[in-house]
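Q: Need the 3D shape of this:
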Amino acid sequence: MDFILMFFIGIIATTLGTLAGGGGLISLPAMLLLGIPVHSAIGANKVSNTVSSFSSFYYLIRKKKISLKESYWIVPVSLLGGVAGGWIASSIPAEQLYVLVSVLLVLAFFTSFIGKKGFTGASLLKFKPKSAGGLFGIGMYDGFFGPGQGTLMLFLFSALDIAYIRAVGFVRLATFSSCLGAAITYTLAGHIIWPLTLALMLGSVTGAQAGVRIAEKLNPVFVKPLLRVVTVLLLAQIIFTRVF
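A: Model (predicted):
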């Protein structure tokens, strides 16, 4: 029964995560409720996200929605950010991390009401201080904490005037890059419960493919409201975690 539940958790969480980020809102609490140890639950998320993110990115590459020439530099920037974040995490108390992510999400939420950019732009993604710095910073955050990483990246690509379906592809590539190192680390540390992780992975790949196809048809007008809802839910989860 746990394997079936993990499969459906993967579908639901990754479909949401592909569309607006915040898939961890569903998967991590659900796995903890099933009694899976926290390190094994986080490791399962990282392994499944690595595979599912690449599958949705590959789909968009194959459909020519994005190109490797435009996006290849995301991989080293996100990887370096993730490594830096992992190093910083060892020297920052958990309470400060919760405060930092709460501030970032609140700022992203209110910034989303400023300006008229709403994933309808036709700009190309270029290696510039704003784009590289933003991706490095979010990759670093993903390395030392994680929840809301995809949501923050979508807000960043909106500010960069990137069309929604292309932004989804770039987020999935960045997620693949930042999760790969973490997945290797958790595997080498022996935290992975492989039967449950594989069930989650199969569900996540299914959810990623469903999410990216929905994203192709989703009217950009609805994207920012969806991101705001996910942001509020992420903040609520963080507050609930700290209070209870």
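Q: ranges for the helices of the protein?
A: Using DSSP state H, the helices of the chain run over 2-20, 24-33, 38-62, 68-71, 74-89, 94-111, 129-144, 149-159, 164-188, 194-217, 223-243.
Q: now the fourth one: mean pLDDT?
A: Okay, so that is helix 68-71. The pLDDT scores in helix 68-71 average 90.
Q: Give me the buried stretch members for stretch 177-196, please.
A: By 16 or more other Cβ atoms under 10 Å, the buried positions in stretch 177-196 come out as Ser177, Ser178, Cys179, Leu180, Gly181, Ala182, Ala183, Tyr186, His191, Ile192, Ile193, Leu196. Where you see a C-beta, it was placed from the backbone N, CA and C, and this is true even at glycine.
Q: List the contacts of the residue nearest to the fourth one when sequence neighbours are not counted.
A: In space, Leu180 comes closest to Thr50 once its chain neighbours are excluded; the distance is 5.2 Å by Cβ to Cβ, 6 or more residues apart in numbering. Taking Cβ atoms under 8 Å, 6 or more residues apart in numbering as the contact definition, Thr50 lies against Phe176, Cys179, Leu180, Ala183.
Q: what's the closest of the helices of the chain to Gly121?
A: Closest to Gly121 of the helices of the chain, according to Cβ to Cβ: helix 149-159, at 8.4 Å.
Q: Now do that closest one: distance to the chain's middle.
A: Helix 149-159 sits 10 Å away from the centroid of its parent chain (Cα atoms, centre = their mean, to the nearest Å).
Q: helices or strands up against it?
A: helix 2-20, helix 94-111, helix 129-144, helix 164-188, helix 223-243 (3 or more Cβ pairs under 8 Å, 6 or more residues apart in numbering; DSSP states H and E).
Q: Let's have those in a markdown table, adding mean pLDDT and distance to Ala41.
A: Below are the helices and strands packed on helix 149-159 laid out as a markdown table (pLDDT from 0 to 100; distance: least, Cβ to Cβ, whole Å):
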| stretch | mean pLDDT | distance to Ala41 |
| --- | --- | --- |
| helix 2-20 | 93 | 10 |
| helix 94-111 | 72 | 17 |
| helix 129-144 | 84 | 16 |
| helix 164-188 | 88 | 10 |
| helix 223-243 | 81 | 14 |
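Q: export those helices to CSV and tack on distance to Lys64?
A: What follows is the helices and strands packed on helix 149-159, written out as CSV (distance: least, Cβ to Cβ, whole Å):
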stretch, distance to Lys64
helix 2-20, 19
helix 94-111, 30
helix 129-144, 21
helix 164-188, 11
helix 223-243, 21
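Q: Indicate which one of those is closest to Phe54.
A: Counting by Cβ to Cβ, Phe54 lies closest to helix 164-188 out of the helices and strands packed on helix 149-159; the figure is 4.7 Å.
Q: could you give the angle of that closest one to helix 2-20?
A: Angle, helix 164-188 to helix 2-20, by axes from the mean of the first three to the mean of the last three Cα atoms, to 10 degrees: 140 degrees.
Q: now helix 164-188 against helix 74-89, angle please.
A: Computed with the same axes, to 10 degrees, the direction of helix 164-188 lies at 50 degrees from that of helix 74-89.
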